[in-house]
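# I would like to see how this sequence folds:
(2 chains)
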Amino acid sequence: MGDQLVALGGALLAAGILARAGRRVGLPTIPFFMLAGIVFGPNTAGIALVDHPEDLELLAALGLIMLLFHLGLEFSIGDLAAGGRRLLGVGAIYLGLNVGGGLVLGLAMGWGTPEAFVIAGAVGISSSAIVTKLLTELRRLANPETRLILGIIVVEDVFLALYLAALQPILGEAETVGEAAAQFATAAAFLLALTAVARWGAGLVGRLVTSADDELLTISFVGLAVLVAGLAEELGVSDAIGAFMVGMILAESPVAARIDRLVLPLRDTFAAVFFFAFGLTIDPADIGAVVWPVTAAVLASIVLNLAAGIIAARMNGYRRGAAANIGLTILGRGEFSLILATLAVGAGLDPRIEPFVALYVLVLAILGPLLATRSKQVADRIPQHWLTRSVAS
Amino acid sequence: MNDRRLRLSPSEVAEQSLPGIGHRYELRGAEGEVVTVVIHHSGRRDVYLGTDADEDPQASVSLDDSQARTLGAILGGAYFKPAVVEEIEAVVGGLLIDWVTIRPDSPGAGRTISELEIRRRTGMTVAAILRDHDAMVAPEPDEALRPGDRLVVLGRPEDLATFVHHVVG
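You can find the predicted model right below:
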């Protein structure tokens, strides 16, 4: 017991200390939590805080559940609709370029088709946490394009939920087509049932967890989120989707704002354990084999993000500066890429996915903010005539 | 004296939600200056200053909740109130809320609310009287106004001038 507590406490503290150093130079926290796991894990020389990554398995799963639960809680059809068709169009172009590019890259790497789909998501979907933090810290919240960037993030969050659901049958271990169909049917039925609850039974579920008392409210929503996540996992739908759906259902309840406030410290703590635990499984010796694929993926992401930024700016009549800001801010990759890699490992896919995603997130975590800070210099290199389409179409 | 004023009417404040962050309010000055206030879900407030011509804001400041309230109170005139009453009114959704002080030479000094026929003659309502650290909310019509009273009045913006002329002088 004592050694497990030492491992957990040491893990959080080490993650905190490394991330603090990163924050000082303006870098996001998520990659540093993961880096702490690599450095203080069993695969590197020096102090190994945790010898058996499975000791943290349950707490790391809780982190993943809290991340997705919070995402579901923040999910709002209203936000999506408020942006209108143009926002959906920009979001679709962004995802088409980046997830599509990721898929092409994944297939070209030749690790297998399910692997390519995981890589497509990991390379194509931005990190909500890193992007919002970056916008706040670079003092760009008053800029006109900021609303568009956050809108794209909302579209990406919705896409992630759908993608996780669609990915499950691909990741399944079904031997025959019949088995795969049965798995797919179970998953679809479960999701439909949860969607029906979200649509018609949200009030009832809300009453189940509602309490004027913060303590009772907290244990009720955590219990519900973990229970449904577990059931989802048992049914082969993945705990991530279960947790997301519970968040979405509770987002409709009158206590949504209070849950949002109460879940944050839980999410931050357990998500840090999740990122740390992800780092534990990375063996630096495996990194060498993925250096070239990661280089290709990073370069592709920078080019495709800038392309998406230029198209988005053109559609909205923004200038070059805004185009560079859009492209370089949404370059942040983090929690969602790591979640997808975790699912791939759980499904027994090619083990190279883990070091690939780890290195990719780490490189972009450092390169992304550096480029976003210098977006003016990048903007000056964008030919002016690429953006000269008039505002009115 | 410069009598230009910035009215807090909804038509002149642009509000937008920033998903995952909070809300953004934009106020435009007459010469293209833009003041943007971002209220984060966490309670943090950012104030940005810029112009329509800028790509990036020229200046910004971040405040925590209590600092923001203090700044808001200063701007609202809670600490120091300029002599000209019209400058500290607030108009929200077409309803004006204002504070006026009765002077010894005001037409309303020493007379009751019913004698002055405030509601009938001016269209305004006296919502409260602040007198020596006490607040009389919804004062009786037979309450006499005294020099030094601060009245909280509600009404339509266009009726304020009549009220000031009739009661405050």
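# who's in contact with A:Phe336?
A:Phe336 makes contact with A:121-122, A:125-128, A:160 under the criterion Cβ atoms under 8 Å, 6 or more residues apart in numbering or on different chains. The C-beta positions use only the backbone N, C-alpha and C, and glycine is treated the same way.
# from chain B, how far off is it?
As judged by Cβ to the nearest Cβ, to the nearest Å, A:Phe336 and chain B stand 14 Å apart.
# now do the same for residue 122: its pLDDT.
By default, I'm working from chain A. Per-residue pLDDT puts A:Ala122 at 95.
# you answered for a different chain; I wanted chain B.
pLDDT recorded at B:Thr122 is 90.
# was I right about it contacting B:Leu154?
No - look at B:Thr122 against B:Leu154 with Cβ atoms under 8 Å: they stay out of range, at 11.4 Å.
# what is the nearest of the contacts of A:Phe336 to A:Leu266?
Using Cβ to Cβ, A:Ser128 comes nearest to A:Leu266 of those, at 17.4 Å.
# once you drop chain neighbours, what's closest to the closest one?
In space, and not counting its chain neighbours, A:Ser128 is closest to A:Ile153: 5.2 Å by Cβ to Cβ, 6 or more residues apart in numbering or on different chains.
# and B:Val167, by the same measure?
Nearest non-adjacent residue to B:Val167, counting by Cβ to Cβ, 6+ apart: B:Gly108, 3.8 Å away.
# which one's more surrounded, B:Thr122 and B:Leu154?
B:Thr122 (21 against 14; other Cβ atoms under 10 Å in any protein chain shown).
# what's near enough to touch the more buried one?
B:155, B:159, B:162-163, B:166-167.
# same question, B:Ile129
When contacts are counted by Cβ under 8 Å, 6+ apart, B:Ile129 touches B:135-136, B:139, B:143, B:145, B:149-152.
# A:Asp283: neighbouring residues, count only.
15.
# ok, for it, nearest residue in space, not its chain neighbours?
With sequence-adjacent residues excluded and distances taken as Cβ to Cβ, 6+ apart, A:Asp283 is closest to A:Asn43, at 4.0 Å.
# quick one: the one you found is in a helix?
No - under DSSP: H, G, I helix; E, B strand; the rest coil, A:Asn43 sits outside any helix and is assigned coil.
# now A:Ala300: closest residue in space that isn't a chain neighbour?
According to Cβ to Cβ, 6+ apart, the nearest residue to A:Ala300 is A:Gly101 (5.3 Å).
# mind checking the SS state of B:His23?
Quick answer, by three-state DSSP: B:His23 is strand.
# check which helix or strand covers the nearest residue to it once chain neighbours are set aside.
Nearest residue to B:His23, sequence neighbours excluded (Cβ to Cβ, 6+ apart): B:Ile39, at 5.1 Å. Secondary structure from DSSP states H and E places B:Ile39 in strand B:33-40.
# thinking again about what came up before, show me which of the contacts of B:Thr122 are buried.
Neighbour-count burial (16 or more other Cβ atoms under 10 Å in any protein chain shown) applied to the contacts of B:Thr122 gives B:155, B:159, B:163, B:166-167.
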